[in-house]
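J.: Could you work out the structure for the sequence below:
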Amino acid sequence: MSRKVTILVLLLSTINSFAQVEDAWVYLTDKPNEASALANPISILTQKAIDRKQHHNIPIDSRDIPVHEPYLSNLKSQNGITVLAKSKWFNAVHIRGTEADINSLATLSYIDRIDFADNNLDSPLRQEANNDKHRIEDEAINFTYGSSQNQVEMINVHTLHLDDFTGEGITIAVMDSGFPNVNTMGAFQRLRDNGDLLNGYDFVNRTANVYVSNFSSHGTRVLSDMAGYVQDQFVGTAPDASYYLFLTEDVTSENPVEESYWVEAAERADSLGVDIINTSLGYRVFDNSNYNYTPSDMNGQVAYISKGASIAVEKGILVVVSAGNAGATSWQTVGAPGDSPAVLSVGAVDENGDYVAFSSQGGAAQVGYQKPDVVARGGGAFVIDANNTIIQNNGTSFSSPILCGGIASLWQALPEFTAIEVMDFVRQSASQYTSPDDFLGFGIPDLGLARNMALGIEEFALETIKIYPNPVTDILNFDFSLANGFVEIIILNALGQQLLEKKLYDGTESINVSDFTSGLYLIKATIDKNTKSFKFIKE
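T.: Predicted coordinates for the structure are as follows:
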């Protein structure tokens, strides 16, 4: 064989070996130190995280325990295997290697199952096209010195600011790509001076330095809509909240490992006691088309990141996600992790409150729940770039943090309510709550109204009328005493659909709700033309 032929054969062999490299999640069987860790939770969580869970009655369980380190070390020693990320929530490790090397791990006693990113190796191939994640939003419309007034007033968060609810005491984790110059630029001077710029971590490059560009300033602009402050020129929606910055997006490629980085970051956020996560990222298609999702996968149950986001909510974190920029493409529907029914996914409108064509829409896969949940300004939204310049950008990447910061200010005003309850108030306050659609979801939230609804629930439930038991399985009892002798009630489900209308008379009355599906319900009660709202949970 000639030297040229030999080189050609070696080259083809090398190309073939690279072509066989795959990504996969390896799920582990157990956590041998579970009992001792749960008996001593401070060994696995910060005190702030423990306090937050206790305050909201969130149990500390096996998912809070880190992956067993000896298992991880052994995996790293396996032939041809590279460990890229790990998840305590899933008790899983994201690995890379050839299909044969990955399959050989099945013989290890601590391996429960293996899930390839290329589902063709497990089940039918997932296909789709058009990755436009940052294409629309990274195009600056023009370099204009403007004001954030419209995007702040649109969701009525300025009324909360007037009452000194500016996000203080609320901790937000921002999952994104680069955060260049956040540690030096003037727009975040207030944040730094107040000690609200907490530490961060780059999960892609495994470094604590998140302030380099990494070829993207996307995270800087996203953060500005919450935390930016320029005297008389720009105010974010939560200028006094505290922020962790987590870099989970590798802008140089598109690979499912970014989903694993995100879950790792969410787990760290949970262990640090973070209250809210904002993520202006979405996953649909990858460089390797064998890893692609399809619109039918967008049901919250398929994508690794969506399942991780759902667990974050179970852990008491309020997760706000951009709906995506695929509305004008063949894909069209909300992508992962915004497809999770547990998160609040945010679409985009323009300065007039009208739907913008790029904003991803609800799809057929989202059965029984509404996506997007709500909308905020994402068309021509004002942001501050890494050069400390106020500009306008398009994208749901910006409607998400605008609303996220607003929710932080709202939650500061409603500290006794849980993440799920706060999300429900946001939905219920929105402009088309009783008639949602796949474009605007429940509509544009009114956070001032959301606050009043929550306070009205507290006041009305405690002082005027008692309902019990709550949660309820079958019979819901009403106990009240009123001068006019009756109260008119309407019961609405989470979609704003009216289920029952009835007049209840002085004393004690009951309603049979055994046919209602499990979930949160709203009761609107009218007394002497005054209407109050409160809630009950059907188990």
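J.: How far off centre is the helix or strand containing Val383?
T.: Under the criterion of DSSP states H and E, Val383 resides in strand 381-384. Counting by Cα atoms, centre = their mean, to the nearest Å, strand 381-384 is centred 21 Å from the centre of its parent chain.
J.: Which neighbours in the sheet does it have, and how are they oriented?
T.: Sheet pairing here is set by DSSP bridges, and for strand 381-384 it gives strand 390-393 (antiparallel).
J.: Return the distance of the strand it pairs with from the chain's centre.
T.: The answer for strand 390-393 is 24 Å, by Cα atoms, centre = their mean.
J.: What mean pLDDT does it get?
T.: What strand 390-393 shows for mean pLDDT is 95.
J.: average model confidence for the next helix or strand after that strand?
T.: The helix or strand immediately downstream of strand 390-393 is helix 396-413, counting by DSSP H and E. Averaging pLDDT along helix 396-413 gives 97.
J.: do the same with stretch 320-335
T.: 96.
J.: Numbering from 14 from now on, please.
T.: All right, first residue 14 from here; so that's stretch 333-348.
J.: what separates it from the chain centre, distance-wise?
T.: The answer for stretch 333-348 is 15 Å, by Cα atoms, centre = their mean.
J.: before we move on, back to that, could you export the strand holding Val396 as PDB, CA atoms only?
T.: Extracted in PDB, the C-alpha atoms of strand 394-397 (Å, rounded to 0.1, in the frame of the first residue of the first chain):
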ATOM      1  CA  ALA A 394     -37.300  46.400  23.900                       C
ATOM      2  CA  PHE A 395     -34.800  48.800  25.500                       C
ATOM      3  CA  VAL A 396     -31.600  47.100  26.800                       C
ATOM      4  CA  ILE A 397     -28.100  48.200  27.800                       C
END
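J.: Can you name the residues in contact with it?
T.: 159-161, 164, 198, 200, 233-235, 237-238, 241, 243, 247, 361, 403-408, 411-412, 415 (Cβ atoms under 8 Å, 6 or more residues apart in numbering). C-betas here are computed from N, CA, C, even on glycine.
J.: can you pull out the strands in the stretch 64-213 of the chain?
T.: Ranges of strands within the stretch 64-213 of the chain are 95-100, 105-111, 124-129, 184-189, 210-215, based on DSSP state E, counting those that start in this stretch.
J.: what ranges do the helices span in this structure?
T.: 16-32, 47-52, 60-68, 82-89, 112-116, 162-167, 171-175, 202-206, 231-240, 270-284, 317-327, 409-426, 432-441, 460-476 (DSSP state H).
J.: Any stretches of the stretch 114-263 of the chain with poor pLDDT?
T.: 136-159 (pLDDT under 70).
J.: at 80 instead, please
T.: 135-160, 226-227 (pLDDT under 80).
J.: which residue sits closest to Phe499 in space, ignoring its chain neighbours?
T.: Tyr518 (4.8 Å; Cβ to Cβ, 6 or more residues apart in numbering).
J.: just to revisit the earlier point, show me which of the contacts of strand 394-397 are buried.
T.: 161, 164, 198, 200, 233-235, 237-238, 241, 243, 247, 361, 403-408, 411-412, 415 (16 or more other Cβ atoms under 10 Å).
J.: Pretty sure Ser372 sits against Gln345.
T.: No - Ser372 lies out of contact with Gln345 (Cβ atoms under 8 Å); the separation is 10.2 Å.
J.: how about stretch 529-547: buried residues?
T.: Phe529, Leu533, Tyr534, Leu535, Ile536, Ala538, Ile540, Lys545, Ser546, Phe547.
J.: Tabulate the CA atom coordinates of that stretch in PDB.
T.: Output in PDB follows, covering the C-alpha atoms of stretch 529-547 (Å, rounded to 0.1, in the frame of the first residue of the first chain):
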ATOM      1  CA  PHE A 529     -63.300  19.000  39.400                       C
ATOM      2  CA  THR A 530     -59.900  18.000  38.200                       C
ATOM      3  CA  SER A 531     -57.000  18.500  40.600                       C
ATOM      4  CA  GLY A 532     -55.500  22.000  40.700                       C
ATOM      5  CA  LEU A 533     -55.900  25.600  41.700                       C
ATOM      6  CA  TYR A 534     -59.300  27.400  41.400                       C
ATOM      7  CA  LEU A 535     -60.400  31.000  41.700                       C
ATOM      8  CA  ILE A 536     -63.600  32.000  43.500                       C
ATOM      9  CA  LYS A 537     -65.000  35.500  42.700                       C
ATOM     10  CA  ALA A 538     -67.400  36.500  45.400                       C
ATOM     11  CA  THR A 539     -69.700  39.600  45.100                       C
ATOM     12  CA  ILE A 540     -71.200  41.300  48.100                       C
ATOM     13  CA  ASP A 541     -73.100  44.500  47.600                       C
ATOM     14  CA  LYS A 542     -71.500  45.100  44.200                       C
ATOM     15  CA  ASN A 543     -68.100  44.700  45.700                       C
ATOM     16  CA  THR A 544     -66.100  41.800  44.300                       C
ATOM     17  CA  LYS A 545     -63.300  39.900  46.000                       C
ATOM     18  CA  SER A 546     -61.300  36.900  44.800                       C
ATOM     19  CA  PHE A 547     -59.800  34.000  46.700                       C
END
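J.: ok now it, how far from the chain's centre?
T.: 28 Å.
J.: do the same with stretch 391-408
T.: With Cα atoms, centre = their mean, you get 22 Å for stretch 391-408.
J.: Around the residue nearest to Phe499, how many other residues sit close by?
T.: For Tyr518, the count of nearby residues is 12 (other Cβ atoms under 10 Å).
J.: Could you do Asp177 as well?
T.: Asp177, neighbours per other Cβ under 10 Å, totals 11.
J.: Please apply the same query to Asn305.
T.: 23.
J.: Also Ala48?
T.: Neighbours of Ala48 (other Cβ under 10 Å): 11.
J.: ok, now Val34?
T.: Quick note: Val34 (other Cβ under 10 Å) scores 15 neighbours.
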